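In: Any chance you can model this:
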Amino acid sequence: MELTNAKLLAIDLGTSEVLSIDLTSQAILSRIPYLNTYTPAGLFINATRTKACLAATTSHEGALFIIDIATNSLYKLPTPLPHLSQITLTDDFKNAYFVDQTATLHHLDTTTMKTTPLVNPDITTCRCNGICILNNTIYTIWENDDQGIVAGFSPQGQVVFERFIGGIPTNLFALPDKVMTTFTRNKLHGEGLAIFPLDEMEAPNYLVINPADNCAINAYPCHITLNDEQTIAYVTNEDSGSISVIGLETMQIINSIQIGRSITTLSLLSDSRFAIAGSNMFADLSLIDTVNRRLMAVSETSGELSSWFCLYN
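Out: Numbers count the residues shown, from 1 in each chain. Modelled structure (predicted):
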């Protein structure tokens with residue numbers, strides 16, 4: 001097993017610390033404390049892998065903490081933010097887009113520290129379940145009763161893309177030509193992955209994900225990650241403890257990895273032979289062999305690890 005130079009940042013909810021962990025030795029390299037009055041709402045890493053951003057929130061306000069990976073230091077951006085429901089950042093950390101508890105989309109310029117609300121009355125009656133940014137378009141998913149909306153916004157808050165889905169969207173991933181969203185409790189399609197071409201004249205693809213044969217519960221697909229070539233999607237199924245492997249060229253499920261325990265998030269190591277998974281249920285991390293389709297190890301730390309983590313070298 002080759003994990004040379006692989007490291008990750010993880011959040012210990014019990015001690016309110018960001019941990020730097022060496023995956024080869026499983027040693028904790030550093031512990032970076034953050035204010036324990038905040039609950040993490042996201043952990044992001046910039047394109048150069050030199051800084052990370054911990055988004056955190058209380059019942060009434062939010063904050064962004066910038067982590068310098070080389071010096072293991074952390075500081076809070078000096079700007080007041082509302083409660084953060086969902087947040088995403090550009091790769092250079094110069095812009096953040098977030099949705100507050102009133103379902104209002106905001107833009108934060110981290111250089112000027114100016115926050116601008118971007119309000120859309122057709123969307124803000126719903127609950128936002130996910131957000132990401134690609135090529136200056138902010139993609140969001142919204143829940144409304146037993147159905148959902150996938151919406152893309154310009155940096156000025158104008159709707160540039162909108163599609164409806166019959167189930168409840170749980171997460172999303174954007175590519176230059178398509179947006180993918182996991183969904184659950186869909187009356188027409190069950191649970192699965194919906195793939196929406198950005199060309200609205202093209203029909204979406206719905207891939208149904210079923211729980212394991214010996215499992216009577218739902219699958220609950222909730223997270224999407226891609227290989228470096230962006231040809232294969234790995235969908236994490238939290239309730240059934242499995243990963244659905246999807247070929248994006250054929251738009252078909254090509255494999256399934258049965259983990260046997262609940263996992264929530266997933267990140268692939270550089271060659272896609274191994275992956276790290278976070279778990280909301282067990283508050284730990286798992287090492288998965290994606291080639292031989294098996295669980296290899298579970299973290300032995302006594303901490304309460306968030307499912308938010310970032311890989312870096």
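
In: Helix or strand: which one has the residue positioned nearest the centre of the chain?
Out: Nearest to the geometric centre of the chain sits residue 223, at 6.3 Å (C-alpha atoms, centre = their mean). For residue 223, the host element (DSSP states H and E) is strand 221-226.

In: average model confidence for that strand?
Out: For strand 221-226, mean pLDDT rounds to 97.

In: hmm, who's touching the helix or strand just after it?
Out: Next along the chain after strand 221-226, taking DSSP H and E as the criterion, comes strand 232-237. Residues outside strand 232-237 that contact it (C-beta atoms under 8 Å, 6 or more residues apart in numbering): 173, 180, 182, 193, 209, 211, 219-227, 243-248, 254, 263-266, 268, 272, 275, 277, 290. C-beta coordinates here come from the backbone N, C-alpha and C atoms, glycine included.

In: all strands for the stretch 151-300 of the chain, in order.
Out: 159-165, 168-175, 178-186, 190-197, 205-208, 221-226, 232-237, 242-247, 252-258, 265-268, 274-278, 285-289, 294-298 (DSSP state E, counting those that start in this stretch).

In: elements contacting the first one?
Out: Contact partners of strand 159-165 among helices and strands, from 3 or more C-beta pairs under 8 Å, 6 or more residues apart in numbering; DSSP states H and E: strand 137-144, strand 147-153, strand 178-186.

In: rewinding a little: tabulate the strands of the stretch 151-300 of the chain in a markdown table, adding columns for distance to residue 36.
Out: Listed next are these as a markdown table, based on distance: least, C-beta to C-beta, whole Å:
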| stretch | distance to residue 36 |
| --- | --- |
| strand 159-165 | 38 |
| strand 168-175 | 27 |
| strand 178-186 | 32 |
| strand 190-197 | 36 |
| strand 205-208 | 41 |
| strand 221-226 | 26 |
| strand 232-237 | 28 |
| strand 242-247 | 33 |
| strand 252-258 | 36 |
| strand 265-268 | 23 |
| strand 274-278 | 20 |
| strand 285-289 | 21 |
| strand 294-298 | 26 |
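
In: can you tell me which of these comes nearest to residue 17?
Out: strand 285-289 (14.9 Å; C-beta to C-beta).

In: so what strands line up beside the closest one?
Out: strand 274-278 (antiparallel), strand 294-298 (antiparallel) (DSSP bridges).

In: So which of these is nearest residue 307?
Out: strand 274-278 (3.3 Å).

In: picking up where we left off before, nearest to residue 116, of the strands of the stretch 151-300 of the chain?
Out: strand 159-165 (16.6 Å).

In: If anything else comes up later, I'll come back, but that's it for now.
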